[in-house]
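Asker: Task: produce atomic coordinates for the following.
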Amino acid sequence: MHPTLIPLRVTTGAFILDAGIGKLSADEGTAKWLHNSAATAYPFLADIKPKDFARLLAIGEIVVGGALLTPFVPSKTAGALLTGFGAGLVGLYLRTPGMTKEDGIRPTPDGLSTAKDSWLLGAGLTLMSQGAVSDAKAGVKKVRRRARKLKS
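Answerer: Numbers count the residues shown, from 1 in each chain. Next comes the predicted model:
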């Protein structure tokens, strides 16, 4: 993990891990609210029981947060997990009636808190791209070393 990515991974990872741990003990009302919100945007989730959905969401958040906080998980991998999570939240925002203004993008007051989750998508894409760049640089160095050995 490149040291410049540590602040991004720690802040997002800690936030998401804490949210997931909090959802593990979601009461029936919270589970129903979470499930209804998700099923409105993603109808295929409607068949899952609210408590099961809340538990799956909690486990997913714990996995994503834990991966971000674990130094030996490559940034590319942690970024892919975060990108998927962030994309799901952006989709929730864009698909839920009343969260966007008439243009379908800018948030209404009701959608503002969910629209703010778009930073998670950006953070995930940053981690993925930085991981890919680091891999590419390492590959170039490896090729150059091999070329030097062949010349000698």
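Asker: Tell me where the chain is predicted with low confidence.
Answerer: Scanning the chain for pLDDT under 70 picks out nothing.
Asker: helices and strands around the top helix by length along it, which ones?
Answerer: Longest helix of the chain, by residue count under DSSP state H: helix 118-151. Under the contact definition 3 or more C-beta pairs under 8 Å, 6 or more residues apart in numbering; DSSP states H and E, helix 118-151 sits against helix 6-24, helix 75-95. Where you see a C-beta, it was placed from the backbone N, CA and C, and this is true even at glycine.
Asker: List the buried residues of it.
Answerer: 118, 120-121, 123-128, 130-131, 134 (16 or more other C-beta atoms under 10 Å).
Asker: Check stretch 14-32 too.
Answerer: 16-17, 20, 23, 26, 31-32.
Asker: With adjacent residues omitted, what lies nearest to the residue most central in space within the chain?
Answerer: A centroid search over the chain (C-alpha atoms, centre = their mean) returns Leu82, at 2.4 Å, as the residue closest to the centre. Nearest residue to Leu82, sequence neighbours excluded (C-beta to C-beta, 6 or more residues apart in numbering): Gly124, at 3.3 Å.
Asker: for that neighbour, what are its contacts?
Answerer: Gly124 makes contact with 79-87 under the criterion C-beta atoms under 8 Å, 6 or more residues apart in numbering.
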